[in-house]
Each structure stands twice: as C-alpha cells, then as structure tokens.
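**Q** Sequence and predicted structure are below.
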Amino acid sequence: MMRKIGLVAWREYMDNVRTKGFWIGILAFPLIIALSATVPILLTKAKEARTYAVLDHSGFALAEVEKRILADDLGVVLEAAAQRYRDGSQAWDRLPSPVKAAGQVYVSIAEAERQSLILALAVVEADAYLADEVAVQVPELAAGLAEWWRQVSAEELDGLDLELSRSRYVRVAVPDVRDPLAALSQMVNDGELFAYFVIGADIVERNEGCKYVSLNLTDQDLRGWFTRRVSQVVRARRIEREGIDLKVAGWLQASVFFGARKVDKRGSEVEISSVDTARQWAPMVFVYLLWIAIFTNSQALLTNTIEEKSTRVIEVLLSSVSPFELMAGKITGMAASGLTVVGTWVICIGIGLAVVPGMLGAKDASFGGIIVDPLYLLSFLFYFLSGYLLYASLLVGIGSVCNSLKEAQNLMLPILIPLMVPLMAMVLVSQDPNGTFARVMSFIPLFTPFVMMNRAAGPPPLWEYLATTVLMLVSVYLAVRGAGKVFRIGILMTGKPPRLREIVRW
C-alpha cells in the first residue's frame, strides 16, 4: 500500500515541478516581496529634496528655527549612534569621533534627559535640565559637533544613511529685490521652489501674516515639518516674555516618559533592540506564507482532481491503485511540492533579511537570524503540514464529486470562508498572543495552524502547544478518513454533483 501511495505521490510531484507555472510561482512570490520592500524605500530616497524659502518679518524666528532643525538632525544622529553602540556593531567604529563622544554621553544618561542634551548641544537652550557632571561636558561636545557639522559633506551624511532634515528639505535664500513676495511666487510658478513661508512680524503675540505658498496641495510634509518648529520657537518666546522660569516651563511641558524594556529569561530588564521588535512581528510573515502555501496547494489539488476526473485519467489510475491510495498519493505529492515552494521562499526571505536591513540603515542588525529561529521554523513546518493535510483532505473530497470548477465553487464556500478568518484576526492575535481571543481561536481546528503560528512570539505555554498538536493530529486523521470515504464514492460519479448534506451522510 505504501509503495503505491509513494508512486502516486512521486508522479504528482514530478508533474508539478516540470511545469513552468511551478517555477514561476517559486520565483514570483520572493520577487514580489522584494519589490514591495525595496521599491518604496528606493522611491523615497530618490525623492527630490524640497526646496523652500522663508520670508521672516519677525527678525528672530528663522534663526531660531535653524537651530531647532540642527537639534532634530543631531537627535537622529545621536540616536543612531546610541543604537550602534548598544548593538556593538562595526558601524559604531565607522562614526566620526565627535559623534562617538556625544553618543557615549547620550547613552549614559536617562532617556528623559536626552532631549535636553540635544537642545544644549545644538545651542537651542541652556543645559539647565542636565546633571552637573553631564552639563560640564556640553561645551566641548558642542564645539566638536559644530565643527564636524560645518565640514561634513553630503556624501558623508548619505553614508550614515539617516533620515535627516538636511537631506529632505533645502532652504533657499530670499532674492534681494524690491518685491520679494512676487519674486518668490514666480520661483514657485517656475518650479525653482517647492514652496515658501511668510512669518508675520508679531508672531509671538498673534498669528497674523503667516502663510504657506505652494503649487502642490497634496504633499504637506514640508508644511507640517516647518510649522512644528516655528511653533516650538514661538512657545519658547512666549514663556520668556511672561517671565516664566525656563526650568519651571520645561517641567510644566515635560511629558511622562516610559522607557521600553523587556524581561529576559533570567528575569532581568534589558533594552529593546530593532531585532527584538522585528522578532515580535515575524510570526505575521510566517502566517502570510502559511496561508498562501496552504491555499494555493489545496486549490491546486482540487483543480488537479477535477481535471483528471473530467478527462477520465482517474479511471485509468484506479485500475492500478485503490481510491484511498490514489487520494493519499495525490495529497502527499502536492504536500512535497508545497514544501519545495515554501522552503525556497523561506530561503529567499532569509537572504533578503540579511541584505535589506543594509538599505534601511541597519547594516549590522542580524535580522536573518529571525527567519532561521528553530521555534519559528519547526512551528511553520508542523503547521504547514497539518494545515495543508486538513484543508487538502476537505478540498480533494469536494473535487472528487464535481465535474468542473464551476460545480466546485458552491461546495468550497463553507471551507474558504473560515480560511479568511485568521487573516482578519492576525493583527489582533499578534498584539495579544496569549489573550482569551487568541487562545479560543487556537482550539478551533480550521484556525489552529494560523493562530498558533501567529502566537509563536508570545510564546504560548507548553501545554497549549501539546494540546493543539494533539487536536490537529486528530482533526487531520478524521478529515483524511472522511475525505477517503467521499473520494471512494464520488470519484467515479458523473452527472449532477450531490449536495453538501448528501456528502456529509456518506
């Protein structure tokens, strides 16, 4: 019996891998994933810097905004330096000395004080909010950073691969003419400027005479970016005008900050890295792969069964093997081809995770280790096989009683609808992998493979793994046994297909 099942499975497998569609399917999915991940990044990087001008009637706002912009960029640089320092990556060694010196101080202080350090280094505000041992280092650090910032080239900044305002927005000087507004409007109309801002003379007292002029009404990034910084400057001036102590004002405006941490296996608190965050969401990628693999392979098995039945090939095959051997062989062969496909996908995604982070500025982040995590790989392998066997058994049973795909569509609906539920619940399960909803879903056999894979980052308790494993094995056994009975009766049937109620009675 096993020999005949193996022969049928081998025939089914080879028939699949010899087709062009099989290889197109293998290559198309990783290509689509790669394009969807890289094209938006490349398009964003290829986006031209927005040129803008500022006509400042206040006499102070623009100069203060320039300092704020420097502070923002400095914050991005220091946060990136701190992340590389924590990760112990080689990218840390490649950073300029002034950035490394400031980065080490940045890491050593409390997170609530880091914004104050940035503002002090950018000479936006005094270092009144910093501890004395940190404040005493500010002048030397600020001088080194200022010197580096003046001399750094655009190419060196691009090499840091950071989202800096300096790279996205470029300020152009206002023409020295009698009517600067008319000149700026003409520059916008001619495409020399993306937009220009006018700052009112008494912006601290009232918001009059302020405007934003552009031909592009959809891209509001520049407008929002500049508005936030002007608002910060005006707020600081109002505080100063009212004679409010800077320390008191800072205390009043300070938000409560909860630093994100995780607890390791020893019960100690550790900082969260970008890899930890990616690992938490990685199961969603596996769920997508699992869903696509199960759906496409089960659908292919259904189509293949109906095609062979309609062309009478089934009758020839049944002269050499029993209906159950034929069904089991077809399911096994399609499972093997499915494993070939998803195995290739996992390898491609693993390679992609090793390469793509470099394009995102995380050149030394070991994202590739996530895809080969034994917990994820073993879970994926088991849930693919069990989920595929469950759905394939149901669909091959349906295919055996139908003479065309059109006839099968009505019978497939009760199976395809449950197949959509795990996708709709995927984000909810990822956010609360050990919640009541996720646990209940885990014990519904049609949902179990997807939900348990989605919960892998939790991870679920061991008893739930064991219980759902037993549940899936029992469900697969019952599904295969039931499908075998339907296949035996329906595979040689012709004419009008039976109703679902009749199939259940078999």
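**A** That came in fine, so what should we check first?
**Q** What count of nearby residues applies to the nearest residue to residue 323 once chain neighbours are set aside?
**A** In this structure, residue 323 finds its nearest non-sequential neighbour in residue 488, 4.1 Å apart by CB to CB, 6 or more residues apart in numbering. (Glycine included, C-beta is placed from N, CA and C.) Close neighbours of residue 488, defined as other CB atoms under 10 Å, add up to 18.
**Q** Return the mean pLDDT over the host helix or strand of residue 488, rounded to an integer.
**A** Following DSSP states H and E, one finds residue 488 within helix 462-490. Mean per-residue pLDDT for helix 462-490: 90.
**Q** for that helix, packing partners?
**A** helix 323-359, helix 374-401, helix 436-442, helix 448-454 (3 or more CB pairs under 8 Å, 6 or more residues apart in numbering; DSSP states H and E).
**Q** Quick one: the helices in the stretch 51-200 of the chain, in order.
**A** Here the stretch 51-200 of the chain has its helices, by DSSP state H, counting those that start in this stretch, at 61-87, 90-93, 97-108, 111-121, 132-135, 138-151, 154-160, 165-168, 180-190.
**Q** the bottom helix or strand of the protein by mean pLDDT?
**A** helix 368-371 (a mean of 58; mean pLDDT, DSSP states H and E).
**Q** any chance of the helices of the stretch 51-200 of the chain in a markdown table, with distance to residue 23 and mean pLDDT too?
**A** Putting the helices of the stretch 51-200 of the chain into a markdown table (distance: least, CB to CB, whole Å; pLDDT from 0 to 100) gives the following:
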| stretch | distance to residue 23 | mean pLDDT |
| --- | --- | --- |
| helix 61-87 | 39 | 85 |
| helix 90-93 | 38 | 76 |
| helix 97-108 | 48 | 84 |
| helix 111-121 | 51 | 75 |
| helix 132-135 | 60 | 67 |
| helix 138-151 | 52 | 79 |
| helix 154-160 | 38 | 71 |
| helix 165-168 | 41 | 81 |
| helix 180-190 | 52 | 93 |
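**Q** so which of the ones you listed gets nearest residue 476?
**A** Set against residue 476 and scored by CB to CB, the helices of the stretch 51-200 of the chain come closest in helix 61-87, at 43.0 Å.
**Q** relative orientation of that closest one and helix 138-151 in degrees?
**A** Put simply, helix 61-87 runs at 100 degrees to helix 138-151, going by axes from the mean of the first three to the mean of the last three CA atoms, to 10 degrees.
**Q** please begin residue numbering at 874 from this point
**A** Sure thing, new numbering starts at 874, so read that last one as helix 934-960.
**Q** before we move on, the earlier item: can you put the helices and strands packed on helix 1335-1363 in TSV and add distance to residue 1032, mean pLDDT and mean neighbour count?
**A** Putting the helices and strands packed on helix 1335-1363 into TSV (distance: least, CB to CB, whole Å; pLDDT from 0 to 100; neighbours: other CB atoms under 10 Å) gives the following:
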stretch	distance to residue 1032	mean pLDDT	mean neighbour count
helix 1196-1232	12	80	20
helix 1247-1274	34	84	23
helix 1309-1315	44	92	17
helix 1321-1327	38	90	27
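**Q** Turn those helices into TSV, including distance to residue 1354.
**A** Formatted as TSV, these follow (distance: least, CB to CB, whole Å):
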stretch	distance to residue 1354
helix 1196-1232	9
helix 1247-1274	9
helix 1309-1315	23
helix 1321-1327	18
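**Q** Can you say which of those is nearest to residue 1346?
**A** Among the helices and strands packed on helix 1335-1363, if distance is taken as CB to CB, the winner is helix 1247-1274, at 7.2 Å.
**Q** Show me what the closest one is packed against.
**A** helix 1147-1183, helix 1196-1232, helix 1278-1297, helix 1321-1327, helix 1335-1363, helix 1373-1378.
**Q** Residue 1260: which of the helices of the stretch 924-1073 of the chain is closest?
**A** Of all those, it is helix 934-960 that lies closest to residue 1260, at 36.2 Å by CB to CB.
**Q** so who does the closest residue to residue 1274 other than its chain neighbours touch?
**A** For residue 1274, ignoring the flanking residues on the chain, the nearest one in space by CB to CB, 6+ apart is residue 1363 at 3.4 Å. For residue 1363, the contacting residues are 1270, 1273, 1274, 1371, 1376, 1379, by CB atoms under 8 Å, 6 or more residues apart in numbering.
**Q** Outline the domain layout of the protein.
**A** Following automatic domain parsing, the chain resolves into domains at 875-911+1146-1378, 921-1133.
**Q** Kindly reformat the ones you listed as TSV containing distance to residue 1139.
**A** Converted to TSV, those look like this (distance: least, CB to CB, whole Å):
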stretch	distance to residue 1139
domain 875-911+1146-1378	16
domain 921-1133	19
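**Q** and among those domains, the most buried is which?
**A** Across these, averaging neighbours per residue (mean count of other CB atoms under 10 Å) puts domain 875-911+1146-1378 on top, at a mean of 18.
**Q** so residue 951 touches residue 975, yeah?
**A** Yes: the pair residue 951 / residue 975 is scored as a contact, 5.9 Å apart, by CB atoms under 8 Å.
**Q** so is residue 1318 in a helix, a strand, or just coil?
**A** Secondary structure assignment for residue 1318 (DSSP: H, G, I helix; E, B strand; the rest coil): coil.
**Q** which residues does it contact?
**A** 1263, 1344, 1345, 1348.
**Q** Which member of those is positioned nearest residue 960?
**A** Nearest member of the contacts of residue 1318 to residue 960, counting by CB to CB, is residue 1345, at 38.5 Å.
**Q** who's in contact with the closest one?
**A** Residue 1345 makes contact with 1255, 1256, 1259, 1260, 1263, 1318, 1321, 1322, according to CB under 8 Å, 6+ apart.
**Q** So the spatially closest residue to residue 1083 that is not a sequence neighbour versus residue 1251, what's the distance?
**A** Once flanking residues are discounted, residue 1083 sits nearest to residue 1073: 4.9 Å by CB to CB, 6+ apart. Relative to residue 1251, residue 1073 is positioned 64 Å away (criterion: CB to CB, to the nearest Å).
**Q** same thing with residue 929?
**A** Between residue 929 and residue 1251 the computed distance is 63 Å (CB to CB).
**Q** can you put the helices and strands packed on helix 1247-1274 in CSV and add distance to residue 882?
**A** Converted to CSV, these look like this (distance: least, CB to CB, whole Å):
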stretch, distance to residue 882
helix 1147-1183, 12
helix 1196-1232, 4
helix 1278-1297, 23
helix 1321-1327, 21
helix 1335-1363, 14
helix 1373-1378, 25
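**Q** can you tell which of those is closest to residue 880?
**A** Judging those by CB to CB, what sits closest to residue 880 is helix 1196-1232, at 7.0 Å.
**Q** re the thing from before, just give me the closest of the contacts of residue 1345 to residue 1018.
**A** residue 1256 (51.2 Å).
**Q** show me what contacts that closest one?
**A** 1163, 1321, 1322, 1323, 1325, 1326, 1345.
**Q** re the thing from before, and the contacts of residue 1363 as CSV, adding distance to residue 1059?
**A** As requested, these are arranged in CSV below (distance: CB to CB, whole Å):
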residue, distance to residue 1059
1270, 74
1273, 75
1274, 75
1371, 77
1376, 76
1379, 81
